[in-house]
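K.L.:
Build me a model:
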Amino acid sequence: QVQLVESGGGLVQPGDSLRLSCAASAVPYGMAWFRQAPGKEREWVSTISWVAEGKYYGDDFRGRFTMSKGDAQNSITLQMTNLRPADTGVYYCAFRSKGWGPSNSAADYDAWGQGIQVTVSR
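P.N.:
Coordinates of the predicted model:
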């Protein structure tokens with residue numbers, strides 16, 4: 001069973017930046033971030049393909065969020081800038097062990113982090 005450990009998050013004001021990190025206990029095929037806002041379904045934020053290092057973003061996040069491999073082995077970071085109140089939610093790191101091409105579907109991911117709260121408010 002792959003373990004994912006997330007860190008970062010917290011309470012920030014609109015326009016601020018924040019960085020999330022996630023470390024996996026195995027080498028992924030790809031990893032992703034998803035977000036679940038209060039009262040809404042989980043939505044895809046960003047994906048990274050591990051070998052090719054291709055990075056993909058949902059429309060609401062492109063240009064504001066940056067996905068990267070982290071310094072630690074099998075880790076990723078999500079640098080979030082110009083945060084908005086609508087970005088409030090629980091952010092989940094997701095691990096995909098195999099596949100064909102990048103995916104923005106939660107069903108394609110095999111393991112999930114515990115979730116980390118991000119709150120954007122004055």
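K.L.:
going forward, measure contacts between C-alpha atoms and count neighbours the same way
P.N.:
Will do.
K.L.:
what lines up beside the helix or strand hosting residue 47 in the sheet?
P.N.:
Assigned by DSSP states H and E, residue 47 belongs to strand 42-49. Looking at strand 42-49 with DSSP bridges, its partner strands are strand 30-36 (antiparallel), strand 55-57 (antiparallel).
K.L.:
Look at the closest residue to residue 33 other than its chain neighbours and give its secondary structure.
P.N.:
Computed as Cα to Cα, 6 or more residues apart in numbering, the closest residue to residue 33 that is not its neighbour in sequence is residue 93, at 4.7 Å. Following DSSP: H, G, I helix; E, B strand; the rest coil, we place residue 93 in the strand state.
K.L.:
how many other residues sit next to the spatially closest residue to residue 91 that is not a sequence neighbour?
P.N.:
Of all residues not flanking residue 91 in the chain, residue 35 sits nearest, at 4.4 Å (Cα to Cα, 6+ apart). Look at residue 35: counted by other Cα atoms under 10 Å, it has 23 neighbours.
K.L.:
thought residue 35 was touching residue 42?
P.N.:
Yes. Assessed by Cα atoms under 8 Å, residue 35 is found in contact with residue 42 at 5.5 Å.
K.L.:
sorry, back to before: quick one, which of the strands paired with strand 42-49 is packed in tightest?
P.N.:
Mean neighbours per residue, mean count of other Cα atoms under 10 Å, is largest over the strands paired with strand 42-49 for strand 30-36, with a mean of 25.
K.L.:
show me the contacts for the residue nearest to residue 33.
P.N.:
Shown in contact with residue 93 (Cα atoms under 8 Å, 6 or more residues apart in numbering): 4, 6, 22, 31, 32, 33, 34, 112, 113, 114, 115.
K.L.:
pretty sure the fourth one is touching residue 47, no?
P.N.:
Yes. Contact between residue 31 and residue 47 holds when scored by Cα under 8 Å: they sit 5.8 Å apart.
K.L.:
shared neighbours of those two, anything?
P.N.:
Common neighbours of residue 31 and residue 47 (Cα under 8 Å, 6+ apart) do not exist.
K.L.:
returning to what we had before: go through the contacts of residue 93 and say which is closest to residue 87.
P.N.:
Closest approach to residue 87 among the contacts of residue 93 (Cα to Cα): residue 34, at 11.4 Å.
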